[in-house]
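1. attaching a predicted model along with its sequence, questions to come.
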Amino acid sequence: MKTRLILKPGQKGTRKLTEKYGDALVCVRFRYDAELKQRIKTVELVVERTDWAPPPPKFSADTLVPLRIEGFEKDVQAKAKAVGGRWNPEKQLWFVQYGKIVGTPLEKHIQIDEKDNGGKPRKRLYVYTS
């Protein structure tokens, strides 16, 4: 089933539903079922509103956060460098200001604990000499 159209209250095609549900109407969706050859109109409604305090941010905007970016991820490294990231060869991590990567794909590369590597063993380069 595919959703082809999402309308907000007040848009053409939502008048009757807006009259019926008022401010509780969030959106109207038109979904299409190819197997049954049907168009299905659904509505999203607000059923409850309560006060909520968002949790405090993990980092302030100017905090340097470590990013674990693998060597083969050259495009991701370029993005980190473009936002002012610096490579630390001793720790094998990139360091970037959190405010520059919040809400971007780079955010998923944040490594909270340097020992944590997502359950993977840390790769080490061993040099053998004879």
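-> That came through fine.

2. find the nearest non-adjacent residue to residue 99, please.
-> Spatial nearest neighbour of residue 99, excluding adjacent residues (CB to CB, 6 or more residues apart in numbering): residue 61 at 2.9 Å. Placement of C-beta: from N, CA and C, glycine included.

3. how about the contacts made by that neighbour?
-> Each residue near residue 61 by CB atoms under 8 Å, 6 or more residues apart in numbering is listed here: 97-99, 102.

4. so which of those are in strands?
-> The strands, defined by DSSP state E, take in residue 97 from these.

5. so which of the contacts of residue 61 is the closest to residue 7?
-> Of all those, the one sitting nearest residue 7 is residue 102; the distance, using CB to CB, is 30.9 Å.

6. assumed residue 76 was part of a helix.
-> Yes. According to DSSP: H, G, I helix; E, B strand; the rest coil, residue 76 belongs to a helix.

7. can you tell me how far the residue nearest the centre of the chain sits from residue 64?
-> Central residue of the chain (CA atoms, centre = their mean): residue 103, 6.1 Å from the mean position. Noted for residue 103: a distance of 18 Å to residue 64, by CB to CB, to the nearest Å.

8. which parts of this protein belong to which domain?
-> By the assignment in automatic domain parsing, the chain contains the domains 2-45, 64-109.

9. where does the chain dip in pLDDT?
-> For the chain, the stretches flagged by pLDDT under 70 are 113-130.

10. now do the strands in it.
-> With DSSP E as the criterion, the chain has strands spanning 2-7, 25-33, 38-45, 64-67, 86-88, 93-97.
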